[in-house]
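Trainee: here is my input; please provide its structure:
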Amino acid sequence: MSQNEEKMFTVKEVADQLRVDEKTVRRWIQRGELIALNVGGGLRPDYRISYANLQDFKLRRQTGGQEKD
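Mentor: Residues are numbered from 1 along each chain as shown. Now for the predicted structure:
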């Protein structure tokens, strides 16, 4: 397993990488579109997103070159 595969990102780090608001990332997680690990508790969950899950999410969201019937 490479170092990248073990890397975990915070919601803020993912939001910064994708240039979206943290609320958007949390919404994707709540909808099940982005898989995350809940490492927190209390009123607001604290999520970590693995490198592999982030890459998978980005691949599924790519556009272009794919025709839909």
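
Trainee: so Phe9 is in contact with Leu18, correct?
Mentor: No: if you go by CB atoms under 8 Å, Phe9 and Leu18 don't touch, sitting 10.4 Å apart. Heads up, the C-betas are built off the backbone N, CA and C, glycines and all.

Trainee: so which of the two has more stuff around it?
Mentor: Phe9 (19 against 16; other CB atoms under 10 Å).

Trainee: quick check: beta-bridge partners of that one?
Mentor: Taking DSSP bridges as the rule, Phe9 bridges to Ile49.

Trainee: residue contacts, it?
Mentor: Phe9 makes contact with Gln17, Arg48, Ile49, Ser50, Tyr51, Leu54, according to CB atoms under 8 Å, 6 or more residues apart in numbering.

Trainee: go with 7 Å
Mentor: Contact analysis of Phe9 by CB atoms under 7 Å, 6 or more residues apart in numbering lists Arg48, Ile49, Leu54.

Trainee: got JSON lines for the residues you listed, with neighbour count, pLDDT and distance to Val25 too?
Mentor: Output for those, formatted as JSON lines (neighbours: other CB atoms under 10 Å; pLDDT from 0 to 100; distance: CB to CB, whole Å):
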{"residue": "Arg48", "neighbour count": "17", "pLDDT": "97", "distance to Val25": "12"}
{"residue": "Ile49", "neighbour count": "23", "pLDDT": "98", "distance to Val25": "8"}
{"residue": "Leu54", "neighbour count": "20", "pLDDT": "97", "distance to Val25": "10"}
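
Trainee: strands of the protein, start to end?
Mentor: Along the chain, counting by DSSP state E, strands occupy 8-10, 37-38, 47-50.
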